[in-house]
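[1] Structure for this input, please:
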Amino acid sequence: MKLFSLIIIFLFGMYQMSMESGRWKPLFDGKSTAGWHKYGGGPVGEAWKVKDGLLYLDTLAKDGWKIKGGGDIVTDKDYENFHLKLEWKISKGGNSGIMFYVHEDPNQYPNSYETGPEMQILDNEGHPDAKIHKHRAGDLYDLLPCSTETVKPYGRWNKVDIIANRGDLTFKLNGKVVVHTKMWDQGWNDMVAASKFHQWPGFGTYRKGRICLQDHGNMVWFRNIRIMEL
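    Here you go, the predicted structure:
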């Protein structure tokens, strides 16, 4: 009887895993930038390249700190409650980010960061922003620092989970929970008011929006980008 119960539990677990696996949808097919566009409209710029299953920002063509043919890119679709998984690696001294709940209205919000909270991507050892509390890799940028630092150094792959579900927000970096907070309550409003984002009234207010990969002028690579709607 005990063996039978264990078999039932095992089979139920396998069924749940199978169901969950079927709910994951790729946001990057490993071959093209299909499903993405430049923030504000238009195709993904030529500085965003795809090779060997990687999506990366090529910084060879610079225009000041900006990249010619670069710019932030966003998903074609809005997401509300979701579990996002991806892997990233950053160049030496590099900076980038993953934003979510980005409300794409370039007339009202010329920049993606005016609405979308961000999980910071950074070379903590080589970028000066790492000296600023709440600006290090894995932080909820300018709002909450990591509870523990699990980031790998530049040039190595880091695994990310961003889980946003009905106001409950969790960041995982390399398998460890590094940020957990509630969105849209008084505590959230107080955090935003005490941050650089207080100057943009729409920041962190939208409950549905685009996923965004940031062009911060440095080389950054992404792979295995997928999402499950909750």
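
[2] just how off-centre is stretch 218-227 within its chain?
    Distance, stretch centre to chain centre, for stretch 218-227: 9 Å (C-alpha atoms, centre = their mean, to the nearest Å).

[3] And for stretch 138-152?
    That offset, for stretch 138-152, works out to 13 Å (C-alpha atoms, centre = their mean).

[4] residues of that stretch that come out buried?
    Along stretch 138-152, these residues count as buried under the neighbour rule (16 or more other C-beta atoms under 10 Å): 138-146, 150-151. For glycine as for every other residue, the C-beta is placed from the backbone atoms N, C-alpha and C.

[5] Pick out the most distant pair among those.
    Farthest apart among these by C-beta to C-beta are 142 and 150. That separation is 19.9 Å.

[6] per-residue confidence for the residue most central in space within the chain?
    Residue closest to the mean C-alpha point of the chain, counted by C-alpha atoms, centre = their mean, is residue 98 at 2.8 Å. As summarised for this prediction, residue 98 has a pLDDT of 99.

[7] Pretty sure it sits against residue 214.
    Yes. Between residue 98 and residue 214 there is a contact at 7.3 Å, judged by C-beta atoms under 8 Å.

[8] got any residues that touch both of these two?
    118, 121 (C-beta atoms under 8 Å, 6 or more residues apart in numbering).

[9] re the thing from before, in helices, which of the buried residues of stretch 138-152 fall?
    Among those, DSSP state H puts none in helices.

[10] Great, nothing more from me.
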